[in-house]
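Asks: Generate a structure from the sequence data that follows.
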Amino acid sequence: MAFSVNTNANAMAALRSLSSTQNTLSDIQNQIQSGLKVGGATDDPSTFVISQGMRGDIGALKAVQEGLNFGSATVSMALSGATAISDQLTDLQTKVTQALNEGLDTAVLQTEADEMIAQITTIVGSTEFNSINLIDNGATTADLNVLTGLGGATVTLTAVDATVAGLGLTALDLAGVHSEMTLDNTAVFAAADTVTIAYGTETHIFEFLDENGGTPASSVDEANGTFVHVVTIDSNASTGEHVGDLAAVMRDSGLSVDIAEDGTISVFAAGVATTATSTLAAGTITATDNVGGAATTVLDAAKTAIGTILTTLGTFSNRLESQADFTQTLSDTLEEGLGILVDANLAEVSAKLQSEQTKEQLGIQSLSIANAASQSILGLFR
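Replies: Predicted coordinates:
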């Protein structure tokens with residue numbers, strides 16, 4: 001080896017080795033502090049880009065999870081209200097049954113029943129979560145839309161009608177006449193056909209119009225108790241769908257309506273006599289008045305309606321709960337995958353730290369020896 005005071009190759013080699021060791025130690029220290037083996041683009045560009053995308057997905061899934069939790073809370077509120085209404089109907093059934101017994105004061109029972117019905121209205125008005133009322137489809141904000149995934153897919157729960165009118169309880173009379181109009185299942189519906197129901201001082205005309213709309217031919221005279229209700233029908237729809245359309249409009253008018261499994265429509269009015277006519281090309285419409293049992297029929301229809309509402313809300317609640325569980329599983333899986341990509345193995349890092357610290361000490365010693373070599377040149381000139 002040549003002796004030179006200008007160039008110390010051994011010292012340069014020792015310095016390079018020491019610098020490399022110290023750089024490795026710095027990386028190890030960063031891994032220990034952050035717990036990450038890939039903390040930035042300089043560590044591993046491709047892995048860092050993938051991890052950033054995964055972090056974005058995890059954040060988005062958390063937002064979806066929050067939306068699902070909000071939706072579940074909203075439906076839970078609606079379920080509580082609907083359950084309370086069902087309980088009111090159970091208590092109301094007791095009053096209706098008592099009214100059928102002779103010797104009891106029907107007027108007192110009617111007052112109690114009216115209070116129960118008023119309580120249903122109070123329950124419906126109070127069953128609101130963050131301005132959303134799922135059991136009052138006439139509310140300003142009724143329907144519930146819930147985001148279910150990263151692709152923007154949503155599920156919607158259309159508000160149900162658990163109001164007194166929706167349940168057909170607006171004219172519950174414990175002692176009055178039970179009027180029933182029945183439209184059999186042979187009915188055929190066409191545009192301009194009408195079904196007319198007269199009860200008490202009111203006449204309600206249900207006129208069919210096709211999907212193109214138009215103006216009803218029937219005359220409205222609300223001052224004298226004549227009301228016209230438009231039933232829009234799709235010419236390509238089935239008779240069963242037309243039956244459902246008619247029943248929905250009848251309920252909106254305040255009537256209590258029941259659809260049998262065979263498609264027969266029964267309309268009830270309590271406290272008044274009823275007549276019914278139609279211009280349908282096919283189908284028989286009849287009206288009968290019966291004393292007693294009116295409230296029982298109306299209440300049975302209301303209980304059926306609230307049962308359907310509870311089923312709808314319960315099913316949707318279960319769906320949201322299932323989706324929330326699935327979303328949490330997806331989020332956990334992404335978290336695990338992200339950890340595999342970027343988390344440091346601290347046991348391995350600890351072992352490497354000890355090795356690199358030993359190398360650093362040896363490098364310092366080697367550099368010290370290399371620097372001392374230049375001092376030996378002076379001995380040549382003594």
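
Asks: which residue packs closest to Ala217, ignoring adjacent ones?
Replies: Leaving out its chain neighbours, the residue that sits closest to Ala217 by Cβ to Cβ, 6 or more residues apart in numbering is Ala192, at 6.3 Å. To be clear about C-beta, it is placed using only N, CA and C from the backbone, and glycine gets the same treatment.

Asks: who's in contact with the one you found?
Replies: Going by Cβ atoms under 8 Å, 6 or more residues apart in numbering, Ala192 touches Glu207, Phe208, Leu209, Ala217, Thr279.

Asks: And the helices in the protein?
Replies: In the chain, the helices defined using DSSP state H lie at 9-34, 45-99, 106-126, 239-252, 294-342, 346-372.

Asks: which one of those helices lies closest to Thr158?
Replies: Ranking the helices of the chain by proximity to Thr158 (Cβ to Cβ) places helix 294-342 first, at 8.9 Å.

Asks: tell me what that closest one is packed against?
Replies: If you count contacts as 3 or more Cβ pairs under 8 Å, 6 or more residues apart in numbering; DSSP states H and E, helix 294-342 packs onto helix 45-99, strand 154-157, strand 177-183, strand 256-259, strand 265-270.

Asks: okay, these, which one's buried deepest?
Replies: Across the helices and strands packed on helix 294-342, averaging neighbours per residue (mean count of other Cβ atoms under 10 Å) puts strand 265-270 on top, at a mean of 23.

Asks: Please convert the helices and strands packed on helix 294-342 to a markdown table, extending it with mean pLDDT and distance to Ala302.
Replies: Below are those laid out as a markdown table (pLDDT from 0 to 100; distance: least, Cβ to Cβ, whole Å):
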| stretch | mean pLDDT | distance to Ala302 |
| --- | --- | --- |
| helix 45-99 | 92 | 6 |
| strand 154-157 | 90 | 22 |
| strand 177-183 | 60 | 14 |
| strand 256-259 | 76 | 7 |
| strand 265-270 | 66 | 10 |
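
Asks: Output the below-cut-off pLDDT ranges for the stretch 101-250 of the chain.
Replies: Residue ranges of the stretch 101-250 of the chain with pLDDT under 70: 101-104, 139-142, 175-187, 200, 213, 239-240.

Asks: Turn the helices and strands packed on helix 294-342 into a markdown table, including distance to Ser20.
Replies: Output for those, formatted as a markdown table (distance: least, Cβ to Cβ, whole Å):
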| stretch | distance to Ser20 |
| --- | --- |
| helix 45-99 | 21 |
| strand 154-157 | 56 |
| strand 177-183 | 93 |
| strand 256-259 | 84 |
| strand 265-270 | 89 |
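
Asks: Format the helices of the chain as CSV; extra columns: distance to Thr163.
Replies: Listed next are the helices of the chain as CSV, based on distance: least, Cβ to Cβ, whole Å:
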stretch, distance to Thr163
helix 9-34, 58
helix 45-99, 9
helix 106-126, 5
helix 239-252, 10
helix 294-342, 11
helix 346-372, 62
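
Asks: re earlier: which among the contacts of Ala192 end up buried?
Replies: By neighbour count, with 16 or more other Cβ atoms under 10 Å, the contacts of Ala192 hold Glu207, Phe208, Leu209 as buried.

Asks: Go through these and flag which are in strands.
Replies: Counted as lying in strands by DSSP state E, out of those, are Glu207, Phe208, Leu209.

Asks: between these, which is nearest Gly314?
Replies: Of all those, the one with the least separation from Gly314 (Cβ to Cβ) is Phe208, at 34.5 Å.

Asks: If you drop the residues flanking it in sequence, what lies closest to Asp91?
Replies: Nearest one to Asp91, counting by Cβ to Cβ, 6+ apart, is Met116 at 6.1 Å.

Asks: wait, isn't that neighbour in contact with Thr94?
Replies: No - counting by Cβ atoms under 8 Å, Met116 stays clear of Thr94, with 9.7 Å between them.

Asks: Give me the domain ranges for this protein.
Replies: 36-174+292-343, 177-291 (automatic domain parsing).

Asks: Quick check: the gap between the residue lying closest to Glu211 once chain neighbours are set aside and Asp210.
Replies: Closest residue to Glu211 apart from its sequence neighbours, by Cβ to Cβ, 6+ apart: Asp234 at 5.3 Å. Distance check for Asp234 against Asp210: by Cβ to Cβ, to the nearest Å, it reads 8 Å.

Asks: List the buried residues for stretch 324-337?
Replies: Buried positions in stretch 324-337, judged by neighbour count with 16+ other Cβ under 10 Å: Ala324, Thr327, Leu330, Ser331, Leu334.

Asks: Might you report the residue contacts of the third one?
Replies: This means Leu330. Counting by Cβ under 8 Å, 6+ apart, Leu330 has contacts Leu61.

Asks: repeat that for 10 Å
Replies: Applying Cβ atoms under 10 Å, 6 or more residues apart in numbering, we find Leu330 in contact with Asp57, Ile58, Leu61, Val64, Gln65, Gly149, Leu150.

Asks: Distance check, it against Asp300.
Replies: Taking Cβ to Cβ as the measure, Leu330 and Asp300 are separated by 45 Å.
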